[in-house]
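S.K.: sequence plus predicted model, see below.
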Amino acid sequence: MAYDEQHDHADRYFPAIEGYKMANAKKGKAARWMTEDATRAVLVEKMYKSSNNFIGTMLTNFADWGSLTAGQEAAVRKILAKDDERKAAWKAADAGSVFVGEVGKRQDFTLTMQNHFSYETDFGMLHIHILKDEAGNVVVYKGSKYLEAARGEVVKGKATVKEHSVREDVNQTIVSRPKFEKVI
């Protein structure tokens with residue numbers, strides 16, 4: 001006996017079947033698109049790791065349609081290549097960075113602001129400040145406090161060395177509880 005409109009839940013059954021068909025078609029299309037070019041698997045993996053808004057939109061398109069258009073794919077590849085170049089340049093510029101201070105100790109710092117990012121979290125705004133000392137060592141502050149300094153400006157004050165870490169082969173000194181003032 002076939003399932004038809006006479007049944008109690010036909011209003012949900014038929015849309016569900018259509019949904020399964022669409023999902024299966026999308027899955028097959030994605031598999032075919034990925035096998036057409038072996039580099040696409042790496043491309044999609046890099047897309048998942050990117051924080052670029054456009055890349056996020058393209059990842060949604062891939063999930064919705066099972067592939068990207070040729071133009072979308074070219075744009076994604078171009079953006080990811082530029083990101084890789086930028087990361088390589090930063091890595092080369094910061095390769096000589098060494099750890100500063102002793103973990104757990106509060107100390108004086110004179111630092112130049114390199115970059116600042118802010119993110120909304122479940123606990124409020126998170127500010128990430130990337131700074132460098134006179135020797136070019138990377139010092140990072142992550143926390144709720146916003147340091148009032150623009151890129152290239154110098155700040156001076158005290159902070160506690162929270163930890164020494166390595167990110168993308170660059171030694172970083174992570175600080176907490178900063179009390180910095182801009183040097184004028």
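M.R.: Right, received. Where do you want to start? All values derive from a computational prediction rather than experimental measurement.

S.K.: with adjacent residues omitted, what lies nearest to V166?
M.R.: Distances taken as C-beta to C-beta, 6 or more residues apart in numbering put Q172 closest to V166, at 7.0 Å, once the chain neighbours are dropped. Just so you know, the C-beta spots here come from the backbone N, C-alpha and C atoms, and that holds for glycine as well.

S.K.: packing partners for the lengthiest strand in the chain?
M.R.: Using DSSP state E, we find that the single longest strand of the chain is strand 106-121. Judged by 3 or more C-beta pairs under 8 Å, 6 or more residues apart in numbering; DSSP states H and E, strand 106-121 is in contact with strand 124-133, strand 138-143, strand 154-167, strand 170-182.

S.K.: surely T160 and E102 touch.
M.R.: No. Using C-beta atoms under 8 Å, T160 is not in contact with E102, being 10.2 Å away.

S.K.: which of the two has more neighbours?
M.R.: Using other C-beta atoms under 10 Å, the more surrounded residue of T160 and E102 is T160, with 16 against 10.

S.K.: what is the least confident helix or strand in this structure?
M.R.: For the chain, counting by mean pLDDT, DSSP states H and E, helix 10-36 ranks last in confidence among helices and strands (a mean of 83).

S.K.: how about that one: buried residues?
M.R.: Within helix 10-36, the residues scored as buried using 16 or more other C-beta atoms under 10 Å are 26, 30, 33-34.

S.K.: show me this protein divided up by domain.
M.R.: Listed by automatic domain parsing, the domain ranges of the chain are 10-92, 106-182.

S.K.: how far off centre is the shortest one?
M.R.: Relative to the mean C-alpha coordinate of its chain, domain 106-182 is positioned 18 Å out (C-alpha atoms, centre = their mean, to the nearest Å).

S.K.: now do the end-to-end distance for it.
M.R.: 19 Å (C-alpha to C-alpha, to the nearest Å).

S.K.: rewinding a little: chain center to the least confident helix or strand of the chain, what's the gap?
M.R.: 30 Å.
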